[in-house]
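1. sequence first, then the predicted structure:
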Amino acid sequence: MNKALADKTGSPDQVHCDVVVVSYNQRDRLLACLESAVGTNPKVRLIVIDNASVDDSAQAVAAAYPDATLVTLPENVGFAAAVNQGVAIGVAPHILLLNNDARLDPDALDRMRQALGSQRVAAVGPHLLGPDGQTELSLDRTLSFWSEAHFKVLGALYDSGRGPMAAYVRRLYANSRDVSSLSGACILLRREAFEQVDGFDERFFLYAEDIDLCLRLRQMGWSLRYEAGAVVEHDRGASRATTPMATAVHYRQSQLAFYRKHRNALATQSLRLYLAFRFMIKRLFARGREQRKLADDLLRCTLREPDR
């Protein structure tokens, strides 16, 4: 990386936006992500939190971006906790949270910053596209029986990329609008709002922390905005593909944590019983040691009582 590009990370006294990237064993994607971030605006500060990677990610960042703030953690503390550490380091009025498998279009950050202009807008999200150019279903998500069923069916029908469902999604994401939630894959936050709600809830190790944050921001009277003109490419599932078993367990742990926090006891217990039954059946018909271990791990996380 040339020095001119590295210098774009800016000094603290002129930074307009802190770009916080949490990384775990995705060196090449991380470097591409950072390159897209420093190319969008000269007054950004890169803050990289390495969650105990073992693929030399931290060394690569230090070499390519000597002006970036790099924190290497001795253990993987989870996405939410790592983001909170990164945000605490910065001072800029705006915070861009960016997954290490996401890449900004050149004008994406400027477009999001313009959309954040209103005093009561806490966060702005971009139009997320997969590597194939297909729109990612990233808006208005929550965790409930009906919402998850809705998005599962919508996603299954949409994956073909053709037909009336694809046309419906294109219309849905064509125009900027207020939304109920945004994806943490790329989200521009007003620091004042993020700090008012005490940042991410660190009980969410991975997944659902963004939905929880959006819900709490709205409860405090803030609004959330989708900016259709800001385009970000997202290799969704890149990290998931490398650790599918751990990812599945983390998702279910976060799902249950969200229900305990935001749903009533009946809904939470119903979810636990449903998942326990599902994973017992999965265990019964599992093929091979890995599948049996995954079923056992999922069953344990479903039945385990939360830490008080």
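-> That came in fine, so what should we check first? Residues are numbered from 1 along each chain as shown.
2. make it CA atoms for all contacts and neighbour counts henceforth
-> Fine.
3. report the beta-bridge partners for residue 125.
-> For residue 125, the beta-bridge partners are residue 226 (DSSP bridges).
4. gap between the two ends of stretch 121-141?
-> Using CA to CA, to the nearest Å, the end-to-end distance of stretch 121-141 comes out at 18 Å.
5. pull the distance from that stretch to the chain's centre.
-> 11 Å (CA atoms, centre = their mean, to the nearest Å).
6. what's the domain layout of the chain?
-> 3-236, 241-303 (automatic domain parsing).
7. which of those domains sits most buried?
-> Compared across these, domain 3-236 shows the largest average neighbour count, a mean of 19 (mean count of other CA atoms under 10 Å).
8. on that earlier part again, how about the domains of the chain in JSON lines, adding mean pLDDT?
-> Formatted as JSON lines, the domains of the chain follow (pLDDT from 0 to 100):
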{"stretch": "domain 3-236", "mean pLDDT": "89"}
{"stretch": "domain 241-303", "mean pLDDT": "85"}
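9. which residues of the stretch 201-308 of the chain fall in helices?
-> For the stretch 201-308 of the chain, the helices defined by DSSP state H, counting those that start in this stretch occupy 209-219, 238-242, 244-262, 265-284, 289-303.
10. now do the third one: distance to the chain's middle.
-> The chain centre lies 14 Å from the centre of helix 244-262; the measure is CA atoms, centre = their mean.
11. for the fourth one, same thing?
-> From the chain centre to the centre of helix 265-284 is a distance of 26 Å (CA atoms, centre = their mean).
12. tell me the angle of it relative to helix 289-303?
-> Using axes from the mean of the first three to the mean of the last three CA atoms, to 10 degrees, one finds that helix 265-284 and helix 289-303 are set 160 degrees apart in direction.
13. could you check the angle helix 244-262 makes with helix 265-284?
-> Using the same axes, to 10 degrees: helix 265-284 against helix 244-262 is 160 degrees.
14. how about the first one?
-> Using the same axes, to 10 degrees, the inter-axis angle of helix 209-219 relative to helix 244-262 is 20 degrees.
15. ok so, going back, to residue 230, which of the helices of the stretch 201-308 of the chain lies closest?
-> Residue 230 sits nearest to helix 209-219 of all the helices of the stretch 201-308 of the chain, at 19.0 Å, using CA to CA.
16. and that closest one, how far out from the chain's middle?
-> 13 Å.
17. other SSEs contacting that helix?
-> Under the contact criterion of 3 or more CA pairs under 8 Å, 6 or more residues apart in numbering; DSSP states H and E, helix 209-219 touches strand 223-234.
18. let's go with 10 Å and repeat that
-> Contacts defined by 3 or more CA pairs under 10 Å, 6 or more residues apart in numbering; DSSP states H and E place helix 209-219 against helix 79-89, strand 121-129, helix 191-196, strand 223-234, helix 244-262.
19. now for the second one, which elements pack on it?
-> Going back to what we said before, that points to strand 121-129. Looks like strand 121-129 contacts strand 94-98, strand 102-104, helix 108-115, strand 177-179, strand 186-190, helix 191-196, helix 209-219, strand 223-234 (3+ CA pairs under 10 Å, 6+ apart).
20. I would like the residues contacting the second one, please.
-> Counting contacts by CA atoms under 10 Å, 6 or more residues apart in numbering, the residues outside strand 102-104 that touch it are 21, 29-40, 98, 126, 128-131, 185-186, 230-236.
21. and if we set it to 6 Å?
-> Strand 102-104 has contacts (CA atoms under 6 Å, 6 or more residues apart in numbering) with 33, 36, 232-234.
22. and the host helix or strand of residue 36, C-alpha only, in PDB?
-> Residue 36 belongs to helix 27-38 when assigned by DSSP states H and E. Output of helix 27-38 as PDB, limited to C-alpha atoms (Å, rounded to 0.1, in the frame of the first residue of the first chain):
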ATOM      1  CA  ARG A  27      -6.800 -11.000   6.100                       C
ATOM      2  CA  ASP A  28      -7.400 -10.600   2.300                       C
ATOM      3  CA  ARG A  29     -11.000  -9.400   2.700                       C
ATOM      4  CA  LEU A  30      -9.900  -7.100   5.500                       C
ATOM      5  CA  LEU A  31      -7.300  -5.400   3.400                       C
ATOM      6  CA  ALA A  32      -9.800  -4.900   0.600                       C
ATOM      7  CA  CYS A  33     -12.300  -3.500   3.000                       C
ATOM      8  CA  LEU A  34      -9.800  -1.000   4.500                       C
ATOM      9  CA  GLU A  35      -8.700   0.100   1.000                       C
ATOM     10  CA  SER A  36     -12.300   0.900   0.100                       C
ATOM     11  CA  ALA A  37     -12.800   2.800   3.300                       C
ATOM     12  CA  VAL A  38      -9.700   5.100   3.000                       C
END
